[in-house]
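structure for the following, please:
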Amino acid sequence: MSQRLAALIALLAFVVVVMGALVTGGKLGLDDAGPTRISFQIATGSTEGVYFPVGQALAGLISHPLGVGRCDTATVCGPAGVILSARTSQGAADNLRAVNSGAVDSGFADGDVIAAAVAGQGVFRRPARHLRVIAALFPEEAHLVVAANSNIWSVEDLRGKRVLLGPPGSGGMVRSRAILTAFRVRVREIISDDSAGQMMREGKIDAYFTVAGVPLDSVKILLADHVARLAPIDGEGRDRLIQMVPQLEHATIPAGAYPHSGPVETVATRAYWVTRDGEGDSLVYGMTRALFNPANHGMLAQSHPSARAIGLDSAAVNPPAPLHPGAARFYREKGMLSGDSG
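Numbers count the residues shown, from 1 in each chain. From the prediction side, this is the model:
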């Protein structure tokens with residue numbers, strides 16, 4: 001299932017949920033006798049990425065409009081009256097700035113980018129002190145995408161080549177530079193908001209880095225069309241990179257994940273759902289509980305293959321920012337945290 005189709009299905013499911021509430025007499029919490037309607041946004045990424053379809057699915061499953069039958073089952077939905085919505089964004093760094101400033105309620109971001117935001121490093125001029133983690137979601141592998149007709153077979157082969165690092169001020173740009181620094185390679189840096197895939201098709205770049213859950217549709221299309229292939233991120237340079245960026249770890253993109261591609265050694269971080277410290281404990285507790293209700297896992301997994309890895313066992317492991325107290329309460333109840341953690 002493509003990410004655009006998954007996003008459309010999740011959006012239609014959400015519309016059906018809301019319309020069902022209206023048809024059955026629910027007023028989305030606006031009735032004086034019922035719960036107050038609570039709007040809660042999730043900043044995701046572009047419609048071509050992984051964050052958006054997962055965010056759409058998560059919003060549809062956790063939203064709790066009045067009169068929706070599935071929410072009558074305890075803990076399947078979030079607190080009564082909460083309506084989640086996923087919005088597109090420029091990506092992780094943009095999401096974190098918006099969440100930290102209070103411009104948006106929550107967002108998805110990579111673990112290494114969150115760590116940089118909390119520390120006030122890289123593209124973040126000052127520490128983002130208001131970020132709180134709701135949950136770790138799924139692994140995100142680094143992809144080194146190179147032109148199919150190039151002689152690039154490793155990170156070292158990028159020396160002197162035209163490499164798109166990402167949009168200005170993005171987490172991707174900082175990560176790309178970290179990779180090149182760890183491998184001690186200098187390239188012709190290209191910083192641009194333009195589509196990496198289109199730039200490669202037009203011969204404007206030789207390679208680019210991207211981090212996402214596997215598979216990423218835009219990369220699948222390039223490989224299927226024999227425009228690009230994947231090169232590994234491995235060896236001593238990878239070891240130095242992991243020492244530099246603790247939120248990264250050894251990983252392998254499995255054979256068959258992409259057309260014409262065997263296993264590819266690389267590094268990975270995790271995607272996290274983060275919010276602001278001012279969000280209510282009971283609200284975050286209820287949403288976290290719904291996120292990990294087993295009844296929701298199947299539909300969530302349908303949004304993208306990466307979402308199959310969303311699970312309670314890894315939800316609170318090594319968070320790059322403090323856990324939100326509401327989420328920490330849920331994890332303690334499930335035995336995932338000690339009494340003084342979070």
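
quickly find the element holding the residue nearest to Gly171 when sequence neighbours are not counted.
Closest residue to Gly171 apart from its sequence neighbours, by C-beta to C-beta, 6 or more residues apart in numbering: Val113 at 3.5 Å. From N, CA and C alone the C-beta is placed, and that goes for glycine too. Using DSSP states H and E, the element containing Val113 is helix 111-119.

list the buried residues of that helix.
Neighbour-count burial for helix 111-119, counted by 16 or more other C-beta atoms under 10 Å, picks out Gly111, Asp112, Val113, Ile114, Ala115, Ala116, Ala117, Val118.

return the member of the residues you listed nearest to Gly235.
Asp112 (19.7 Å; C-beta to C-beta).

with adjacent residues omitted, what lies nearest to that closest one?
Gln247 (4.0 Å).

report pLDDT for that neighbour.
pLDDT, Gln247: 93.

ok, the one 5 residues further on next?
Reading off the confidence values, Thr252 has pLDDT 98.

helices along the stretch 151-300 of the chain, start to end?
Along the stretch 151-300 of the chain, the stretches classed as helices by DSSP state H, counting those that start in this stretch are 171-183, 196-201, 217-224, 235-244, 281-291, 294-301.

got the buried residues for the longest one?
Of the residues in helix 171-183, Gly171, Gly172, Met173, Val174, Arg175, Ser176, Arg177, Ala178, Ile179, Leu180, Ala182, Phe183 count as buried by neighbour count, 16+ other C-beta under 10 Å.

about what we covered before: how far does the helix holding Val113 sit from the chain's center?
In terms of C-alpha atoms, centre = their mean, to the nearest Å, the gap separating the centre of helix 111-119 from the centre of its chain is 14 Å.

repeat for stretch 263-273
11 Å.

stretch 101-108 now?
Worked out by C-alpha atoms, centre = their mean, stretch 101-108 lies 14 Å from the chain centre.

which helix or which strand is home to Ala57?
Assigned by DSSP H and E, Ala57 falls in helix 51-62.

partner strands of whichever helix or strand comes after that helix, parallel or antiparallel?
Once the chain leaves helix 51-62, the next helix or strand it forms, by DSSP H and E, is strand 82-87. Note on strand 82-87: by DSSP bridges, its sheet partners are strand 38-43 (parallel).

before we move on, the earlier item: and the buried residues of helix 171-183, which two are furthest apart?
Spatially, the most separated pair among those is Gly171 and Phe183, at 18.9 Å (C-beta to C-beta).

in a strand, Val133, correct?
Yes - counting by DSSP: H, G, I helix; E, B strand; the rest coil, Val133 is located in a strand.

thought Ile179 was touching Ile233?
Yes - between Ile179 and Ile233 there is a contact under C-beta atoms under 8 Å: 6.6 Å.

what sits in contact with each of those two?
The contact sets of Ile179 and Ile233 overlap at Ala142, Val155, Leu241 (C-beta atoms under 8 Å, 6 or more residues apart in numbering).

check contacts around the closest residue to the last one other than its chain neighbours.
Counting by C-beta to C-beta, 6+ apart, Ala182 is the residue found nearest to Leu241 once chain neighbours are left out, at 3.7 Å. By C-beta under 8 Å, 6+ apart, Ala182 lies in contact with Gly237, Arg238, Arg240, Leu241, Met244.

how many residues are close by the third one?
Right, Arg240. By other C-beta atoms under 10 Å, 16 other residues sit near Arg240.

give me the nearest residue to it, chain neighbours excluded.
Ala182 is the one closest to Arg240 (C-beta to C-beta, 6+ apart), at 4.3 Å.

quick one: low-confidence parts of this protein?
For the chain, the stretches flagged by pLDDT under 70 are 1-35, 339-342.

per-domain residue ranges of it.
3-138+271-333, 141-269 (automatic domain parsing).

returning to what we had before: out of the buried residues of helix 171-183, who's nearest His324?
So of these, ranked by how close each gets to His324 (C-beta to C-beta), first place is Gly171, at 21.0 Å.

from Val104, how far off is the closest one?
When distance is defined by C-beta to C-beta, to the nearest Å, Gly171 is 16 Å away from Val104.

ok, so of the buried residues of helix 171-183, who is nearest Lys220?
Gly172 (18.8 Å).

my read is that the closest one contacts Phe209, right?
Yes - with contacts counted by C-beta under 8 Å, Gly172 reaches Phe209, the gap being 6.9 Å.

overlap in contacts, the two.
Common neighbours of Gly172 and Phe209 (C-beta under 8 Å, 6+ apart) are Leu165, Gly166.

and Arg159, how far from Asn151?
11 Å.

can you count the residues close to the residue lying closest to Gly203 once chain neighbours are set aside?
Nearest residue to Gly203, sequence neighbours excluded (C-beta to C-beta, 6+ apart): Ala147, at 7.8 Å. Neighbour count for Ala147, taken as other C-beta under 10 Å: 20.
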